[in-house]
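Q: Return atomic coordinates for the entry below.
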Amino acid sequence: MINVKFVISLFLLSISFLQGNTGLLQYNSKLHGPFPFVINQSHIDSISTSKESSIYPARGLALSLVIPGMGQWYAGAKAKAFFFFGLEVAGWMSFRSFSNKGVKIEREYEKFADENWDLYEWWLRTPWLTSSYGDVVCKGTHHLNLFLPGQTTTISSDSLCGEWIEGVEVVKDHEFYENVGKYDQFVAGWSDLFLIEGENGWWEKEKSVGDSTEIIVMTDLKRDYINQRAKANNAFRMGTFTVTALMFNHLISAFDAFIETRRRKISSESQTNIGLLFSPYARLGIGGFSLSVRW
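A: All right, here's what the predicted structure looks like:
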């Protein structure tokens, strides 16, 4: 009856002797000691896996800085690529939506002010309220820019604190649309300051300022105008937040792409070696196996 262990041992030994660089032939007696194995690994007895990598982390980072998700796509992380690119598309769509909404409301409140605030009425009725409200004055801390008839240069509304100038027109700039709603100094220009029945159309609103309370002179039209401006400002503010979120999306995507490409590069450049450990004390000459991973 054939001894199976003997056949296997003979087969392994024959392979070792056929190789000129085998571990058995290179065995050194100086390695004898309490450790029962001679760890001299033959290259022919190992299996090596290595793959040359062309993935560059810096390239992935740069791609995602330009277009979020491109670095992930370059690294092969398709799911992450769709995620970051989807956030980018959604962000720009939101920015456009908020910006268009803000511009639309802005045009509406500008038209509202053009139709319901009048320079002449402001000049005429301001003195009627000055005695009751110290902020309702012609010449105050703020002013409007005015066009004189036939001239391209502008003058301040302080120039009207006396005689009325025929043909003068107010400059409808950003300062005008802010001042007529923000400051009591210009409240007399709103057309509903007095009601048709002859009653006062203005009313007082209290506003807390630190430890004190400020009295604001309001009319219904002025209140509506302020609310419209607030809605427009909120829309523009949300657009600004969206741009900030888009910037963070670029940075986070770039950082993630760098990590992803570096991880895949390290994984692809790793080398695994599996070999036999030969020992003169083992019955078959094989003391065990060796496994090493390098990257």
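
Q: and after the least confident helix or strand in the chain by mean pLDDT, which helix or strand comes next?
A: Every helix and strand in the chain was compared by mean pLDDT, DSSP states H and E; the lowest is strand 47-49, with a mean of 41. Counting by DSSP states H and E, the next helix or strand C-terminal to strand 47-49 is helix 57-66.

Q: Now the residue nearest to S208 when sequence neighbours are not counted. Its backbone dihedrals?
A: Nearest residue to S208, sequence neighbours excluded (Cβ to Cβ, 6 or more residues apart in numbering): E214, at 7.7 Å. No exception for glycine: its C-beta is placed from N, CA and C like everyone else's. Backbone torsions of E214, given as degrees, to the nearest 10, read phi -100, psi 140.

Q: and what of the one 4 residues further on?
A: Note on M218: backbone dihedrals following degrees, to the nearest 10 are phi -120, psi 160.

Q: so what's the spatially closest residue to V171 that is not a sequence neighbour up against?
A: Using Cβ to Cβ, 6+ apart and skipping residues adjacent in sequence, the residue nearest V171 is N145, 4.0 Å away. With contacts defined as Cβ atoms under 8 Å, 6 or more residues apart in numbering, N145 is in contact with T154, I155, S156, S157, V170, V171, D173, E175, F176.

Q: before we move on, what about F186?
A: Per Cβ under 8 Å, 6+ apart, neighbours of F186: W117, W122, H142, L144, N179, V180.

Q: ok so, going back, just the ones of the contacts of N145 in helices?
A: Using DSSP state H, the members of these that fall in helices are E175, F176.

Q: Report the mean per-residue pLDDT for stretch 151-168.
A: Here stretch 151-168 scores 88 as its mean pLDDT.

Q: Can you point out the buried residues in that stretch?
A: I155, S157, L160, V168 (16 or more other Cβ atoms under 10 Å).

Q: could you pull out the strands for the stretch 151-295 of the chain?
A: 154-156, 169-170, 203-209, 212-218, 271-278, 286-294 (DSSP state E, counting those that start in this stretch).

Q: Parallel or antiparallel, which strands does the first one pair with?
A: Paired strands of strand 154-156, with direction, are strand 145-147 (antiparallel) (DSSP bridges).

Q: What's the mean pLDDT across the strand it pairs with?
A: The pLDDT scores in strand 145-147 average 93.

Q: And for stretch 116-132?
A: The average of the pLDDT scores along stretch 116-132 is 94.

Q: Which parts of the stretch 101-250 of the chain are helices?
A: With helices called from DSSP state H, counting those that start in this stretch, the stretch 101-250 of the chain shows them at 119-130, 174-182, 220-268.

Q: who does the longest one touch, helix- and strand-wise?
A: Under the contact definition 3 or more Cβ pairs under 8 Å, 6 or more residues apart in numbering; DSSP states H and E, helix 220-268 sits against helix 57-66, helix 70-75, helix 78-116, helix 174-182.

Q: need those in a markdown table with distance to K222, can you?
A: What follows is those, written out as a markdown table (distance: least, Cβ to Cβ, whole Å):
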| stretch | distance to K222 |
| --- | --- |
| helix 57-66 | 48 |
| helix 70-75 | 51 |
| helix 78-116 | 9 |
| helix 174-182 | 6 |
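
Q: Could you list the low-confidence segments of the stretch 1-150 of the chain?
A: 1-53 (pLDDT under 70).

Q: let's go with 50 and repeat that
A: Where the stretch 1-150 of the chain drops to pLDDT under 50, the residues are 1-2, 4-8, 10-52.

Q: Check what pLDDT S279 gets.
A: Predicted confidence (pLDDT) for S279: 59.
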